[in-house]
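>>> Predicted model follows, preceded by the sequence.
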Amino acid sequence: FREIGSDPPLNDEGEQVPAFRNFELQLQGKFAPFSEVGMIRLIERRLAELLDLPEMIRQHVISLRCAPARYDSIVQLQKKWLPKPWSFPSEPECVREYFGEEIAFFFLRFSTLIQHLVPLAVV
């Protein structure tokens, strides 16, 4: 924030929130590009602000709402994360990039649990 001449914003408890900054066109070089998951989340949030999606589903205007997967992204994820059948995840970062932090944490936590339970299953 010092580089752009402002103070970090504060949360409700008065603590600094250095990861937040409103976008301004003249500062666009200071921002990192959005990930695919980040773009999907932004679009979903904006649609939720503009449209009542649950009501549209209830009235059968739309049948469901979901972010479609891109085939090339799925193939790349499969090659990086599970290169062989019955193998354990090898590159957890690609899971986070595709699904986001919460789902990646869930998958990685349970893959670790399963890795520790495999020797007990053999006994």
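That came through fine. Not measured: the values here are computed from a predicted model. Residues are numbered from 1 along each chain as shown.
>>> can we go C-alpha only for contacts and neighbour counts from here?
Will do.
>>> measure the residue in the chain sticking out farthest from the centre to Glu49 for me?
Farthest-out residue of the chain from its mean C-alpha position, per C-alpha atoms, centre = their mean: Val123, at 38.0 Å. To Glu49, Val123 is 54 Å away according to C-alpha to C-alpha, to the nearest Å.
>>> What of Phe99?
Distance, Phe99 to Glu49, using C-alpha to C-alpha: 22 Å.
>>> between those two, which one's more packed in?
Of the pair Phe99 and Glu49, Phe99 is the one with more neighbours under other C-alpha atoms under 10 Å, namely 14 against 10.
>>> I figured that one hits Met39, correct?
No. Look at Phe99 against Met39 with C-alpha atoms under 8 Å: they stay out of range, at 11.9 Å.
>>> How are the helices of this protein distributed by residue range?
Applying DSSP state H to the chain gives helices spanning 36-50, 53-58, 71-81, 92-99, 101-122.
>>> Buried residues in the last one, which are they?
Okay, so that is helix 101-122. Residues of helix 101-122 classed as buried under the neighbour-count rule (16 or more other C-alpha atoms under 10 Å) are Ala104, Leu108.
>>> then it to CSV, C-alphas only?
In CSV, the C-alpha atoms belonging to helix 101-122 read as follows (Å, rounded to 0.1, in the frame of the first residue of the first chain):
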residue,chain,number,x,y,z
GLU,A,101,-8.9,-23.3,-1.4
GLU,A,102,-11.8,-24.9,0.5
ILE,A,103,-12.3,-27.8,-1.8
ALA,A,104,-8.6,-28.4,-2.2
PHE,A,105,-8.1,-28.4,1.5
PHE,A,106,-10.9,-31.1,1.8
PHE,A,107,-9.4,-33.3,-0.9
LEU,A,108,-5.8,-33.0,0.4
ARG,A,109,-6.9,-33.6,4.0
PHE,A,110,-8.7,-36.8,3.1
SER,A,111,-5.9,-38.0,0.8
THR,A,112,-3.5,-37.6,3.7
LEU,A,113,-5.8,-39.5,6.0
ILE,A,114,-6.1,-42.3,3.4
GLN,A,115,-2.4,-42.4,3.0
HIS,A,116,-2.0,-43.0,6.7
LEU,A,117,-4.8,-45.6,6.8
VAL,A,118,-3.5,-47.8,3.9
PRO,A,119,-0.8,-49.5,6.1
LEU,A,120,-3.4,-50.3,8.7
ALA,A,121,-5.7,-51.8,6.0
VAL,A,122,-3.0,-54.2,4.9
